[in-house]
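In: here you go, sequence then predicted model.
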Amino acid sequence: MIHTLAKPKLVDVLACPGCKSPLNSTIKCDNCGLEFAEDSGTPKLFDPNFSRTVQFEFSANRAVIEEQKLQEYFNYPPSVKVSDKLPYHLEPAQFKVINELPANQKVLEIGCGGGQMREWFVQKGHQYIGVDISKTRVHDWLQKFGGPDILCDAHSLPFGDNQLDVIYSAAVTEHLACPHLVVQEIARVLKPGGYYLGNVSFLEPWHDNSFFHMSPLGAIELLTQAGFEIKYVWPEKGYSAFRSMFAMGNGVTKNMRFIGDIAYFAYLMENNLKNWGRKIFKRPEKRNIKQAAKVSGAIFWIATLPAES
């Protein structure tokens, strides 16, 4: 049978994770013969023999990022006032991007967990596809949202080239064994001009078998090597490493989060006092974003795939 995802407007975006030929069903690839299993009705679009050499061009001018280039990429997006409660992990600036999109955009969420974002995107008038590598690696309270539409490996996405308008991925990048390959895959399946909205752990503790936590420069390099045009890269506001160390520690430290908040307040106070002093003596102020990033728990971004000329 063909899975319910295979509606006329959605089945067209699927491709074999092995040979990348278009899929006419989620049972078997007509081109290479690769067969797919299901997990309680959810297609498992994996290629067990997948192997790929990861390569990209690296030029000398990327070995050190110049301050001018850093100021171009590393900025807070304009402030956005949001009256509604946003879904977990969705930043207001990313919400603004989604809210201003024309209707009926094809949105892929990588690492969708229980599919808790599905209803929100559908209410915005978009076609939502949620993928994850497993149904079991989510909290019990997320099981009620329907789960992923497709089970797959983000290192070999089962979608054709230039098929999707938006890719959203939250609290996932640090869990990727080869993030450079995944971001190349994201660039492959996005349409020119499409948006990549994401984040990555920075100074959060090691958690859930995470592989790579990234600084702002790490996120910039990751996006740059895949050919993305960076709109904004910024540290998550109000979420510090001080707080995350307690919140993500254990049952005892979770009840001590306030200590992290006090430490963060003290850190910000010193920096603010220094900047006030610089103002008095008419010296250049330090960029607040750098001070915040130095102790940030996570880094966010808004990037686009350059439009075809």
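Out: Noted; the coordinates are in hand.
In: which SSE is immediately downstream of the longest helix along the chain?
Out: Looking across the chain with DSSP state H, the single longest helix is helix 257-280. Once helix 257-280 ends, the next helix or strand along the chain (criterion: DSSP states H and E) is helix 288-293.
In: got the residue ranges for the strands in the stretch 51-200 of the chain?
Out: Along the stretch 51-200 of the chain, counting by DSSP state E, counting those that start in this stretch, strands occupy 106-110, 127-132, 150-151, 164-169, 190-201.
In: to Lys28, which of these lies closest?
Out: Of all the strands of the stretch 51-200 of the chain, it is strand 150-151 that lies closest to Lys28, at 15.2 Å by CB to CB. The way it works is simple: take the backbone N, C-alpha and C, and place the C-beta from them, glycine included.
In: how about the strands of the stretch 51-200 of the chain in CSV, adding mean neighbour count, distance to Ile98 and mean pLDDT?
Out: Converted to CSV, the strands of the stretch 51-200 of the chain look like this (neighbours: other CB atoms under 10 Å; distance: least, CB to CB, whole Å; pLDDT from 0 to 100):
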stretch, mean neighbour count, distance to Ile98, mean pLDDT
strand 106-110, 24, 8, 97
strand 127-132, 23, 11, 96
strand 150-151, 22, 21, 96
strand 164-169, 23, 7, 98
strand 190-201, 22, 8, 98
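In: for Ala247, find the nearest of the ones you listed.
Out: Relative to Ala247, the nearest member of the strands of the stretch 51-200 of the chain by CB to CB is strand 190-201, separated by 12.7 Å.
In: ok, that closest one: who's next to it in the sheet?
Out: Sheet pairing for strand 190-201, assigned by DSSP bridges, gives strand 164-169 (parallel), strand 298-304 (antiparallel).
In: buried sites along the longest one?
Out: If I follow you right, that is strand 298-304. 298-304 (16 or more other CB atoms under 10 Å).
In: what is the nearest of those to Gln291?
Out: Ile299 (14.5 Å).
In: my read is that that closest one contacts Lys237, right?
Out: No - using CB atoms under 8 Å, Ile299 is not in contact with Lys237, being 11.6 Å away.
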